[in-house]
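> predicted structure and sequence below. I'll ask about it afterward.
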Amino acid sequence: ATQTSSSTPAFEQDEDTTQTAPQASTSTSANLPATTAPTNTAIAVKPSTDHPLLELKNALTVEFNTLSALILSNGNLLMREGKKSVGDSIQIELMSYQDSFVVAPNDDKAPVDVVRFSDDGINCKDGVTSVKEHLQWLHTNGYPKASLKSRVIIVGAVEKCQKNSELIGTLVQIDLSPASRSQWLRYEANALYKFQKGLATKEGLRHIKVQAEIATAGSNTYTLASFSMAV
């Protein structure tokens, strides 16, 4: 849904090297563009029985706060609610994963109500605005750096947790920034290779260690998630 709160959702702030999260300001959304009905176009996902993870895509779709959510900060995984650390790694059994998109102004002075979210990169989740329309509006209303950012949300059953044993046996969701999404795509690619070469089983590849790591890009320091097959 359109974000109208006074602060940007935590997952939009985490580990993003290309954008400082928008902060609330005295600006309003009174001049937002008139909305039009969304199209029914969807991104097609080519099915493959040879990929050990693909059948889990969209198996259990979630919204922003459907499950207990983890974010990444300062080299650790934190509960989004309360910001309590659960350690620098967690082991999960992958239950589902889904694409997620953010139309962001990329301007730290922008009000949060100009941010839009999308499940498919085509239609915004407000149900009436297209991504293309909102990007055009941002570009012509003082946000020339506005862009569409691709993210991933993973859902897993917790198997091991360093600092919060109460999470074991429960489902959590982890919203991955564009930087962490790249790490997830790397895991997907290697999972396919290992499975097709007989180096790992489908079941084994779904038990995953999520590791929080400090990374740098120029003068920016941030936390990203890396993924490996649990041992």
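That came in fine, so what should we check first?
> count residues in the vicinity of K163, would you?
As a burial measure, K163 scores 13 neighbours (other C-beta atoms under 10 Å). Any C-beta I mention is one placed from the backbone N, CA and C, and that applies to glycine too.
> can I assume it is in contact with G87?
Yes: with contacts defined as C-beta atoms under 8 Å, K163 counts as touching G87 at a distance of 4.5 Å.
> now the longest helix along the chain: buried residues?
Assignment by DSSP state H gives helix 178-196 as the longest helix of the chain. Buried residues in helix 178-196, counted by 16 or more other C-beta atoms under 10 Å: 178-181, 183-184, 187-188, 190-192, 194-195.
> distance to N141 and pLDDT added to those residues, as JSON lines?
Output for these, formatted as JSON lines (distance: C-beta to C-beta, whole Å; pLDDT from 0 to 100):
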{"residue": "P178", "distance to N141": "24", "pLDDT": "95"}
{"residue": "A179", "distance to N141": "28", "pLDDT": "95"}
{"residue": "S180", "distance to N141": "30", "pLDDT": "97"}
{"residue": "R181", "distance to N141": "28", "pLDDT": "97"}
{"residue": "Q183", "distance to N141": "34", "pLDDT": "98"}
{"residue": "W184", "distance to N141": "33", "pLDDT": "98"}
{"residue": "Y187", "distance to N141": "38", "pLDDT": "98"}
{"residue": "E188", "distance to N141": "37", "pLDDT": "97"}
{"residue": "N190", "distance to N141": "42", "pLDDT": "97"}
{"residue": "A191", "distance to N141": "42", "pLDDT": "97"}
{"residue": "L192", "distance to N141": "42", "pLDDT": "96"}
{"residue": "K194", "distance to N141": "48", "pLDDT": "97"}
{"residue": "F195", "distance to N141": "47", "pLDDT": "96"}
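> just give me the closest of those to L70.
Comparing those against L70 with C-beta to C-beta places S180 closest, at 11.3 Å.
> contacts only, for R181.
Going by C-beta atoms under 8 Å, 6 or more residues apart in numbering, R181 touches S150, R151, V152.
> what about the residue lying farthest from the centre of the chain, distance to I208?
For the chain, the largest distance from the centre (C-alpha atoms, centre = their mean) belongs to G198, which lies 30.3 Å off. Distance of G198 to I208, given as C-beta to C-beta, to the nearest Å: 19 Å.
> quick one: the strands in this protein, in order.
68-73, 76-79, 85-87, 89-104, 116-118, 147-161, 171-176, 207-217, 220-229 (DSSP state E).
> the longest one - contacts with which helices or strands?
Pointing back at strand 89-104 there. strand 116-118, helix 131-140, strand 147-161, strand 171-176, strand 207-217 (3 or more C-beta pairs under 8 Å, 6 or more residues apart in numbering; DSSP states H and E).
> may I see the buried residues of the longest one?
Neighbour counts using 16+ other C-beta under 10 Å place 148-159, 161 of strand 147-161 among the buried residues.
> go on, the last one?
The neighbour-count criterion (16+ other C-beta under 10 Å) identifies H207, I208, K209, V210, Q211, A212, E213, A215 as the buried residues of strand 207-217.
> picking that back up, relative to P52, how far out is the residue farthest from the centre of the chain?
Going from G198 to P52 by C-beta to C-beta gives 12 Å.
> now swap in G82 and tell me
To P52, G82 is 35 Å away according to C-beta to C-beta.
> looking at those two, which is more packed in?
A direct count of neighbours by other C-beta under 10 Å for G82 and P52 places P52 higher, at 22 against 6.
> wait, the more buried one sits on H207?
No: applying C-beta under 8 Å, one finds P52 not in contact with H207, separated by 11.4 Å.
> where does pLDDT dip in the chain?
1-49 (pLDDT under 70).
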